[in-house]
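K.L.:
Can you look at this prediction? I've put the sequence above it.
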Amino acid sequence: MKKGVTIGGIIAVLLLIGAIAFCAWIAPKINEKLAEINDPIPEKPEETNKTLPPVKLPTAKQPQTTSEAERTYLALGNPSSARANPIFSNNYLLINNHYALSYNRSKAIPNWVAWQLTKEDLGGVERQNNFRPDNRLPKNWKNIFPSYYTRSGYNRGHIVPSADRTKSREANSSTFLMTNMTPQTPDLNQGPWEKLERYSRSLARRNNDLFIYSGCYGEKSKLRRTVTVPTNCWKIIVAVSRNSGIDSSTRVIAVDMPNKNGIRDDNWRDYKTSVRNIEQKTGFDFLSVLPKNLQNVLEMRVDSR
Ligand code: MN
């Protein structure tokens, strides 16, 4: 009985020593692993940007299919995670070969429209002027006719400008779908808004490939109790020189303009702001495919040229 207890005690002590030895051996290895998990690549935002390779984008080409168009126009991200599913009625993704947009059924205007502008988009086609309802909307949704804007005091304000799509009749015609329209005052539409549109085409002619997001926010009234008249319209232009990628030196122009009269003679530059400011006003996340530190640099800067 006594002997048995002694042997048992020795075995217990040996097991204990073995367990301690095992722990002593495994602990540093576990520690090493934990250190790797807790300490990823050190973050140095400003410095890292300069050493990161530029983010390459799909080379400018004219999309021939919906999936090519999606890759092209949403190359920098889908700002509201819009979906091509009618359940997402206020964030409904519509894509054609010429632009992509998120449509808002309650407002009857787009949340945002995304397109690219390159020198290849600019041709000699005349303005088609065929404003028309967009028959891609689900059949049970109220479709918006050009007449909703008639005698309202507001222009049918293109978000993708007609003049950005002049390489073919089909391309130009696509900009006259009512889902690409928002009520804009004549002074905004034909004033600083149009001046920025002209300026962006001049950048495109000078070998810049532009990635553009644009839309409007706020509500000051409704046309025919249906179409939201926004308080502000905004635009974000990422100007990438041909054959280069996006890095911290890439030019980004952001503007936020009031949808009111009396501003026709204003310079578009009076309305410069940061992308981050537009993100806060709209709740969208722009440039979301870019690394977070690069987004921070590009989105907090206000264009100074
Ligand atoms: Mn962002």
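P.N.:
Done, it's in.

K.L.:
quick one: the strands in this protein?
P.N.:
92-95, 100-104, 109-117, 155-158, 181-184, 208-217, 221-223, 227-229, 232-241, 251-258 (DSSP state E).

K.L.:
can I get the ones you listed in JSON lines with mean pLDDT, distance to the ion and mean neighbour count?
P.N.:
Any C-beta I mention is one placed from the backbone N, CA and C, and that applies to glycine too. Listed next are the strands of the chain as JSON lines, based on pLDDT from 0 to 100; distance: least, CB to the ion, whole Å; neighbours: other CB atoms under 10 Å:
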{"stretch": "strand 92-95", "mean pLDDT": "98", "distance to the ion": "18", "mean neighbour count": "21"}
{"stretch": "strand 100-104", "mean pLDDT": "98", "distance to the ion": "15", "mean neighbour count": "25"}
{"stretch": "strand 109-117", "mean pLDDT": "98", "distance to the ion": "13", "mean neighbour count": "26"}
{"stretch": "strand 155-158", "mean pLDDT": "98", "distance to the ion": "25", "mean neighbour count": "22"}
{"stretch": "strand 181-184", "mean pLDDT": "98", "distance to the ion": "22", "mean neighbour count": "26"}
{"stretch": "strand 208-217", "mean pLDDT": "98", "distance to the ion": "11", "mean neighbour count": "24"}
{"stretch": "strand 221-223", "mean pLDDT": "98", "distance to the ion": "30", "mean neighbour count": "15"}
{"stretch": "strand 227-229", "mean pLDDT": "98", "distance to the ion": "24", "mean neighbour count": "22"}
{"stretch": "strand 232-241", "mean pLDDT": "98", "distance to the ion": "10", "mean neighbour count": "23"}
{"stretch": "strand 251-258", "mean pLDDT": "98", "distance to the ion": "11", "mean neighbour count": "21"}
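
K.L.:
which residues does residue 302 contact?
P.N.:
254, 272, 273, 274 (CB atoms under 8 Å, 6 or more residues apart in numbering).

K.L.:
Same check on residue 253?
P.N.:
With CB under 8 Å, 6+ apart, residue 253 has these contacts: 196, 200, 235, 236, 237, 239, 272, 303.

K.L.:
Can you give me the pLDDT of the second one?
P.N.:
The pLDDT attached to residue 200 in the predicted structure is 98.

K.L.:
Against residue 178, how distant is the closest residue to the ion within the stretch 51-200 of the chain?
P.N.:
The stretch 51-200 of the chain approaches the ion most closely through residue 77 (7.5 Å), counting by CB to the ion. Residue 77 sits 26 Å away from residue 178, going by CB to CB, to the nearest Å.

K.L.:
Could you do residue 276 as well?
P.N.:
From residue 276 to residue 178 the distance is 31 Å (CB to CB).

K.L.:
Which one's more surrounded, the two?
P.N.:
The neighbour comparison of residue 276 against residue 178 (other CB atoms under 10 Å) goes to residue 178, with 21 against 17.

K.L.:
quick one: which of the contacts of residue 302 has the most company?
P.N.:
Going by other CB under 10 Å, residue 254 tops the contacts of residue 302 with 25 neighbours.

K.L.:
My guess is that residue contacts residue 214. True?
P.N.:
No: taking CB atoms under 8 Å as the definition, residue 254 is not a contact partner of residue 214, at 10.3 Å.

K.L.:
any shared contact partners between those two?
P.N.:
What both residue 254 and residue 214 touch, as defined by CB under 8 Å, 6+ apart, is the set 234, 235, 236.

K.L.:
By mean pLDDT, flag the weakest helix or strand of this protein.
P.N.:
helix 45-51 (a mean of 48; mean pLDDT, DSSP states H and E).

K.L.:
closest to residue 283 among the contacts of residue 253?
P.N.:
residue 236 (14.5 Å; CB to CB).

K.L.:
beta partners for the closest one?
P.N.:
Beta-bridge partners for residue 236, by DSSP bridges, are residue 213, residue 254.

K.L.:
how about the residues of the chain near the ion?
P.N.:
285, 286, 287, 295 (CB under 5 Å from the ion).

K.L.:
so where do the helices sit in this structure?
P.N.:
Along the chain, counting by DSSP state H, helices occupy 2-38, 45-51, 66-73, 169-174, 186-189, 192-205, 275-282, 292-300.

K.L.:
Thanks again, I'm all set now.
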